[in-house]
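Novice: The following comprises the amino acid sequence and a computationally predicted model.
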Amino acid sequence: MPLLTDRDLLARLVAFDTTSSLSNLPMADFLADYLDRPGARITRLPSENGEKANLLVAAGPERAGGDGIILSGHMDVVPARETEWRSDPFSLLEAGGTLVARGAADMKGFLALATNRLAVARAHGLTHPLVLLFTYDEEIGTLGARRFSETWHDTDALPRSVIIGEPTSLQVVRLHKGMLRLRLTFQGKAAHSGYPHLGQSAIEPAGRAIVALGELRREMERERPANGEFFPEVPFAAINVGTVVGGSAANVIPDGCELQLGIRLLPGMAADDMIARVRHAVGRAVGTAPHSFEYLSESPAMMLPEDAEIHRELSADMRQTRTQSVMFASDAGWLQRMGLECVLFGPGSIEVAHKPNEFLPTEELRLAGDALDRVIARRCGPA
């Protein structure tokens, strides 16, 4: 397959509908075929059910010893069902110096850059490894990165430094919050609403739980935990009752109600401690009302020391002098648990991600590519 320009490769990538509810295998297969060139080692790492896969591609020496660089990103995107789209979300549109499509910013622009750089670099020979790690299901709980962190044990084959191409508007980010997802399910007994003594509402204790969670949210907003200073807009753990589903009709006593919670944890906070705190608040509010509590997923927070080599190096290259943080989660939370040192850095803005008419500035795509070229030259070098 001939080498494409970064723009043309991006067009091919956004044409794959990799919404998290669908398989990413067609796009993973395309990337593997595109990179199937002398000097590239390609490994597909399937999900537990085999319907999706992480993709690991390496060039250069097989044993890293910590040297080299990993360029990482997720292949999935959020849905594009909004009626406000002015063009086909899965067809790249050039408009006013931008590239418009679902996933253009978050984060197929970076995937195109990383893919082309390995395709070119492997032909020149490398003194240290250049590795691509492309994951699945980041958008619904960093599931691919978690599976990689729990199943990949050959750490000697991996460089220690990682650039994850989240849309940071070319800022180098060393901290982000985590995301904990929980489900509360309340059980009742259905009955005709004319005979309420024959039933038991599941919605009423759920309502008391929502009130208690609101009180817990306000309590947490007054707290100033460690590392909150790096997130001045929201310097606390933020809890959100994201969905409420229950009941079937106004004349039926509801026999079930489900709440889903999202909690943004700061670096250093333990998920188990927060779960215990939520359990306690809900338990006090609902008493003996039948309910169950389910852990859905966790995307751990990330915190890299300011003097970590990849942070210092990339910050100096981009002439950045201040620590940057973001309040969304990424694959970095799991990768750092493998002993990898991660920064977020990529073209595009998180403010347009997950929205209709998502776009990537063409100039940022170019500048990000230039920055990756410099990193690869320093870190991997021609043989």
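Specialist: All right, it came through fine.
Novice: Now do stretch 203-215, average pLDDT.
Specialist: For stretch 203-215, mean pLDDT is 98.
Novice: same check, this time on stretch 338-345
Specialist: 97.
Novice: Could you give me the buried positions within it?
Specialist: Residues of stretch 338-345 classed as buried under the neighbour-count rule (16 or more other Cβ atoms under 10 Å) are 338, 340, 341, 342, 343, 344, 345. All C-beta spots, glycine's among them, are computed from the backbone N, C-alpha and C.
Novice: Check stretch 165-185 too.
Specialist: For stretch 165-185, by 16+ other Cβ under 10 Å, it's 165-168, 170-182, 184-185.
Novice: pLDDT weak spots in the protein?
Specialist: Across the chain, the ranges flagged by pLDDT under 70 are 383.
Novice: What about the buried residues of stretch 165-185, which are in strands?
Specialist: The members of the buried residues of stretch 165-185 that map onto strands under DSSP state E are 175, 176, 178, 179, 180, 181, 182, 184, 185.
Novice: now the strands: where do they sit in the stretch 151-300 of the chain?
Specialist: 161-164, 175-176, 178-187, 191-192, 238-246, 252-253, 256-265, 291-299 (DSSP state E, counting those that start in this stretch).
Novice: Mind checking these for the one nearest to residue 38?
Specialist: strand 161-164 (25.0 Å; Cβ to Cβ).
Novice: just how off-centre is the closest one within its chain?
Specialist: Here the centre of strand 161-164 is set off from its chain's centre by 14 Å, with Cα atoms, centre = their mean, to the nearest Å.
Novice: in its sheet, what does that strand sit against?
Specialist: strand 69-74 (parallel), strand 341-344 (parallel) (DSSP bridges).
Novice: TSV for those strands, including distance to residue 133?
Specialist: Shown next, in TSV, are those (distance: least, Cβ to Cβ, whole Å):
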stretch	distance to residue 133
strand 69-74	4
strand 341-344	11
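Novice: Would you map the helices across the stretch 101-250 of the chain?
Specialist: 109-124, 143-151, 203-221 (DSSP state H, counting those that start in this stretch).
Novice: out of these, deepest packed?
Specialist: helix 109-124 (a mean of 23; mean count of other Cβ atoms under 10 Å).
Novice: what's that helix packed up against?
Specialist: helix 6-14, helix 25-34, strand 40-46, strand 53-59, strand 69-74, strand 130-135, helix 362-379 (3 or more Cβ pairs under 8 Å, 6 or more residues apart in numbering; DSSP states H and E).
Novice: between the fifth one and helix 109-124, how many degrees?
Specialist: Read that as strand 69-74. 150 degrees (axes from the mean of the first three to the mean of the last three Cα atoms, to 10 degrees).
Novice: what inclination does strand 69-74 have with respect to strand 53-59?
Specialist: 160 degrees.
Novice: which is the next helix or strand following strand 69-74?
Specialist: strand 93-95 (DSSP states H and E).
Novice: so what does the next helix or strand along the chain from that following strand touch, helix or strand wise?
Specialist: Next helix or strand after strand 93-95 toward the C-terminus (DSSP H and E): strand 98-100. Strand 98-100 sits against strand 93-95, strand 359-361, helix 362-379, with contacts defined as 3+ Cβ pairs under 8 Å, 6+ apart.
Novice: and with 7 Å instead?
Specialist: Contacts defined by 3 or more Cβ pairs under 7 Å, 6 or more residues apart in numbering; DSSP states H and E place strand 98-100 against strand 359-361.
Novice: quick one: strands adjacent to the strand it packs on?
Specialist: Strand 359-361 is paired, per DSSP bridges, with strand 98-100 (antiparallel).
Novice: Check the secondary structure at the residue positioned nearest the centre of the chain for me.
Specialist: Most central in the chain under Cα atoms, centre = their mean is residue 330, positioned 3.5 Å from the mean C-alpha point. Three-state call for residue 330 (DSSP: H, G, I helix; E, B strand; the rest coil): coil.
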